[in-house]
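Enquirer: model this:
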Amino acid sequence: SKEKASHFGHETNPDAWSLITNTTVQCEGYFKRTHVPLESLGRNLTDGNYDERLMIKPGQTMSFYVMMNDPLLRYTITKNFGEVYSSTDHLLLYEGTGVGD
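Expert: Sure, this is the predicted structure:
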């Protein structure tokens, strides 16, 4: 979100979000993960730097809203909202909210 905070309470407010990229991805198929290409996130392949809007400082929370026009591309349903989905020594990725038709 624009405030670099939790998405909670902002899921349906378009004014709370800033556009980082607008790209097309190839769906990998039913029940297969589809990745957003790093180059679409402003990564400069020469020096490896990313768009400054993607920089997360220690202790900071940042939310991402991924919008898809194709109803065949969907998210995974979970009951673990707010739980750590994946982590590294430097980053915790929490499960969030899916908003769909």
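Enquirer: only C-alpha atoms from now on, for both contacts and neighbour counts.
Expert: Will do.
Enquirer: so how many other residues sit close to Ile20?
Expert: For Ile20, the number of neighbouring residues by other Cα atoms under 10 Å comes to 14.
Enquirer: whoops, I mixed them up, Glu28
Expert: Neighbour count for Glu28, taken as other Cα under 10 Å: 11.
Enquirer: geometric centre of this structure: which residue is closest?
Expert: With distances taken as Cα atoms, centre = their mean, the residue of the chain nearest its centroid is Phe64 (3.7 Å).
Enquirer: before we move on, what SS does that residue have?
Expert: Under the three-state scheme (DSSP: H, G, I helix; E, B strand; the rest coil), Phe64 adopts coil.
Enquirer: distance check, it against Gln26.
Expert: With distances taken as Cα to Cα, to the nearest Å, Phe64 is found 20 Å from Gln26.
Enquirer: so where's the chain uncertain?
Expert: Residues of the chain that meet the criterion pLDDT under 70 lie in 1-4, 42-50, 70-76, 100-101.
Enquirer: ranges for the strands of it?
Expert: Assigned by DSSP state E, the chain shows strands spanning 84-87, 92-94.
Enquirer: which of these sits closest to Thr78?
Expert: Checking the strands of the chain against Thr78 by Cα to Cα gives strand 84-87 as the closest, at 10.3 Å.
Enquirer: just checking, what packs against the closest one?
Expert: Judged by 3 or more Cα pairs under 8 Å, 6 or more residues apart in numbering; DSSP states H and E, the packing partners of strand 84-87 are strand 92-94.
Enquirer: partners of the strand it packs on in the sheet?
Expert: When pairing is defined by DSSP bridges, strand 92-94 lines up against strand 84-87 (antiparallel).
Enquirer: now the strand it pairs with: buried residues?
Expert: Across strand 84-87, burial judged by 16 or more other Cα atoms under 10 Å covers no residue at all.
Enquirer: and it, C-alpha only, in CSV?
Expert: Backbone C-alpha positions of strand 84-87 (Å, rounded to 0.1, in the frame of the first residue of the first chain) are rendered in CSV as follows:
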residue,chain,number,x,y,z
VAL,A,84,4.2,-16.5,8.1
TYR,A,85,4.0,-18.1,4.7
SER,A,86,7.7,-18.1,3.9
SER,A,87,10.8,-16.5,5.3
